[in-house]
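> this is the structure alone, sequence omitted:
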């Protein structure tokens, strides 16, 4: 039998202030990047060994991009960084009184702690939806969804019963934010360009794609015109958009809505919301709505002097004059907060005053299939082909690493000219079902 | 609850002779390619939805190539093929008396059956090795091994106990054939170029790579000079090659050899042999050594008139004058047999005589890290840089699809000039351990 290892975190004491960062998403990565090379020791904990570029997960789920193009190993990113330590582990609890965190591999002391543990799927307490629907938040979620979409079609071939066939070929996506809109557009492209070639035996025209949104419009974080155009684009692509509609129950087969309507589908994709993913040990009164941690204008967690939170898990109510209810749960605020927190920690060590966080909103965007996107900038809002081009450029430039940029560019060019999505792979042991 | 589907194979009766092919590896794929467009209906069964280019699995396992570069969806390959049917299913049994196969999705009749079910890892009845070692035969094996190698190093950081640390950092590869040799070379490259950068906290020089071979030489299927050069290359790269050594027992931690020697490792990679993967229902007397199916010189399974077997699962003893003991279990004989069987079926339908199989051995090759390979051609044998270049060219050209060729070329060029292997990813849910 293998001898068990009594793991320790084994982080060397360098005699320097130690900053521990929990999570290497957009926020945590910026903290670590900004701290490396300064007078501190930086320790990054993550439960994966790679950063994941979440905005493109939907392209992995729809066979457009390969997994490795949108993830990037932390150790590669920090290969030459001095006084930097990465640890692959889950953080279980913060012992704030002891300035210490407990993890799956042991405990470690910190001088400053930055919680960048991000967000997780919010099922709003609906146990049936949590059990039967498919979330779209991690790389594993995306690979599973890709496997499921393709296996559904392989199975749809095997029955004459129209209802059963349609339960496999129809997709219901819940949530009209960027993830839901982009995913609906990408699945519509599979319907138009890929599945008729792959499944000549099936009437692919029978495939229905439903996008469900509880409010009266799509893309609530964006302008009215962006929401309207996204609606128009999706409708033109054959997506059935249901506004003012909320999910009531789902048993893995029949989904019932608040308006009494029902749909049959084996694949309910849940992109209806996220909530903070805080770490145990933070004072109860510091927990705000949607499980986010209340922070002051310096991103310090309320009630804790040397604990910061950045990104999706942080809720800055009243701190930033332009965003009195807190910031949107997106990459840009996380990155800006991460950079500022790192700089503020360095300022504190130099006995300088910290600077408050002010989110510089550079706009937002979403894409809806080939040639179509919506872009809201401060000065101008535009939609269509040029918006799609801007969307591609911005996302390409935001990817980490030249190699990933290059591979994604190649994949996009290939797909654009061939109307193909090449990664229609079920990568799973057959006996494991669709996992 | 989702309603269950009572699946049927639903393969239309076209009123044409139906050829059913079991398995889309090198052999089965050639059969299908050659049959498509002829006067028959072709039905391909595979338990995966993609062909896998097995000779490069070791590069996926060692982070050099991404999964999607070496697999190719069957439906994409046969998108424009007429009278072609693909079914994702496991074949459980052949009912030869009824000209019918039973599968996980139902049964189907055939006029001609081609068994191309390939090979699986041969543990030679050693239950402990089967339980604790890692095979290298499928894309899932390769992804798991990549996860394990990287996670081992992440875990080695977490202990001060030298023995436990070394149990994680040391690798024992069993089998001195092409897979073992190429894998040993690739892991040695990780040791030299990647891990010292990724794990500055570890003494990577303590990492040991052992290659175990039961016979007195490496690469038994190739020339003496090829075996000797592979030995020299590996030794120069720091791999400890143990010839005349066989594994006796392995408990997941300590491996004991026939010569009394012992090694400690948590990662025993088993590339020591394969055996045929036949389908139930073939007459008992037709089963030859290593679970392969005895075939005549036309690749007909003995005792069955309309059942053929090609590739690793086929054993042609005495049929091919140059290969009286059967053909090597490699891609080229499988491909040549597949093509000939398809042509012979067409000949039979035209009432022409079949042609016997004669393997045209175009040589074999193996690579041992950058710039080094061994190549045996009929006329000439060579080793070193030019051999390595030939190895790359041949493998690149053998990949299916322009896109895969292009992506692999890019990855190889990138790795060559950067000394990097970019896919050092653990793609697994953290709580699932290393799977």
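Thanks, I have it. From a predicted model like this one, the values you see are computed outputs, not experimental measurements.

> ranges for the helices of the stretch 101-250 of chain A?
Taking DSSP state H, counting those that start in this stretch, the helices of the stretch 101-250 of chain A run over residues A:127-132, A:139-156, A:162-169, A:178-189, A:195-198, A:224-236.

> mean pLDDT and mean neighbour count for the ones you listed - can I get that in a markdown table?
Backbone N, C-alpha and C define where each C-beta goes, glycine included. Below are these laid out as a markdown table (pLDDT from 0 to 100; neighbours: other C-beta atoms under 10 Å in any protein chain shown):
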| stretch | mean pLDDT | mean neighbour count |
| --- | --- | --- |
| helix A:127-132 | 97 | 15 |
| helix A:139-156 | 96 | 22 |
| helix A:162-169 | 97 | 19 |
| helix A:178-189 | 97 | 26 |
| helix A:195-198 | 96 | 19 |
| helix A:224-236 | 97 | 19 |
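
> could these be laid out in JSON lines, adding distance to residue A:299?
Shown next, in JSON lines, are the helices of the stretch 101-250 of chain A (distance: least, C-beta to C-beta, whole Å):
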{"stretch": "helix A:127-132", "distance to residue A:299": "30"}
{"stretch": "helix A:139-156", "distance to residue A:299": "27"}
{"stretch": "helix A:162-169", "distance to residue A:299": "46"}
{"stretch": "helix A:178-189", "distance to residue A:299": "24"}
{"stretch": "helix A:195-198", "distance to residue A:299": "46"}
{"stretch": "helix A:224-236", "distance to residue A:299": "29"}
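
> of these, give the one that comes closest to residue A:398.
helix A:178-189 (14.1 Å; C-beta to C-beta).

> so what's the residue count around the closest residue to residue A:401 other than its chain neighbours?
Leaving aside its chain neighbours, residue A:401 sits nearest to residue A:72 (5.4 Å; criterion: C-beta to C-beta, 6 or more residues apart in numbering or on different chains). Neighbours of residue A:72 under the rule other C-beta atoms under 10 Å in any protein chain shown: 21.

> which ones are touching residue A:72?
By C-beta atoms under 8 Å, 6 or more residues apart in numbering or on different chains, the contact set of residue A:72 is A:50-51, A:53, A:400-401, A:404.

> also residue A:96?
A:281-283, A:304, A:307.

> now with 10 Å?
A:110, A:113, A:281-283, A:301, A:303-307 (C-beta atoms under 10 Å, 6 or more residues apart in numbering or on different chains).

> kindly give a single ChimeraX line that selects the buried subset of these.
This is how ChimeraX selects the buried members of the contacts of residue A:96, with burial counted by 16 or more other C-beta atoms under 10 Å in any protein chain shown:
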select /A:110,113,281,282,301,304,306,307
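
> let me know the closest of the contacts of residue A:96 to residue B:241.
Among the contacts of residue A:96, and counting by C-beta to C-beta, the member closest to residue B:241 is residue A:110, at 46.8 Å.

> out of everything not next to it in sequence, what's closest to that closest one?
The nearest residue in space to residue A:110 (C-beta to C-beta, 6+ apart) is residue A:20, at 3.9 Å.

> how close does the closest residue to residue A:208 other than its chain neighbours sit to residue A:247?
Using C-beta to C-beta, 6+ apart and skipping the chain neighbours, the partner closest in space to residue A:208 is residue A:170 (4.3 Å). Going from residue A:170 to residue A:247 by C-beta to C-beta, to the nearest Å gives 15 Å.

> what about these two, which has more around it?
A count of neighbours by other C-beta under 10 Å puts residue A:247 above the other of residue A:170 and residue A:247, at 24 against 20.

> verify the contact between the more buried one and residue A:269 for me.
No - with contact defined as C-beta atoms under 10 Å, residue A:247 and residue A:269 do not form a contacting pair (11.4 Å).

> re the thing from before, only whichever of the contacts of residue A:72 are buried, select them in ChimeraX.
What follows is the ChimeraX syntax selecting those of the contacts of residue A:72 that are buried according to 16+ other C-beta under 10 Å:
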select /A:50,51,53,400,404
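
> okay, and which of the contacts of residue A:72 map to strands?
Of these, the ones assigned to strands by DSSP state E are A:50-51.

> would you turn the contacts of residue A:72 into a markdown table with pLDDT?
Converted to a markdown table, these look like this (pLDDT from 0 to 100):
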| residue | pLDDT |
| --- | --- |
| A:50 | 97 |
| A:51 | 97 |
| A:53 | 96 |
| A:400 | 90 |
| A:401 | 89 |
| A:404 | 91 |
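
> which one of the contacts of residue A:72 is nearest to chain B?
Chain B lies nearest to residue A:50 out of the contacts of residue A:72, by C-beta to the nearest C-beta, at 5.3 Å.

> quick one: contacts for the closest one?
Residue A:50 neighbours (C-beta under 10 Å, 6+ apart): A:24, A:67-68, A:70-77, A:88, A:139, A:400, B:150, B:423-427.

> name the element residue A:308 belongs to?
strand A:307-309 (DSSP states H and E).

> avg pLDDT for that strand?
Per-residue pLDDT over strand A:307-309 has a mean of 98.

> now do stretch A:14-34
Mean predicted confidence for stretch A:14-34 is 98.

> could I get the buried residue list for that stretch?
A:17-34.

> any idea how far that stretch is from the chain center?
Distance of stretch A:14-34 from its chain centroid, counting by C-alpha atoms, centre = their mean, to the nearest Å, is 20 Å.

> first vs last residue of it, how far apart are they?
19 Å (C-alpha to C-alpha, to the nearest Å).

> show me what from the stretch 301-435 of chain A comes close to chain B.
Taking C-beta under 10 Å from any C-beta of the partner chain as the measure of proximity, the stretch 301-435 of chain A contacts chain B at A:401-404, A:406-407, A:410-411, A:414-415, A:418, A:420-432, A:435.

> remind me which helix or strand residue A:275 belongs to.
Assessed by DSSP H and E, residue A:275 sits inside strand A:274-276.

> run through who's touching that strand.
Outside strand A:274-276, the residues that reach it (C-beta under 10 Å, 6+ apart) are A:115, A:117-124, A:135, A:137, A:175, A:177, A:179, A:287-293, A:309, A:311-315, A:329.

> give me the buried subset of those residues.
The neighbour-count test (16+ other C-beta under 10 Å) applied to the contacts of strand A:274-276 identifies A:115, A:117-123, A:135, A:137, A:175, A:177, A:179, A:287-288, A:290-293, A:309, A:311-315, A:329 as buried.
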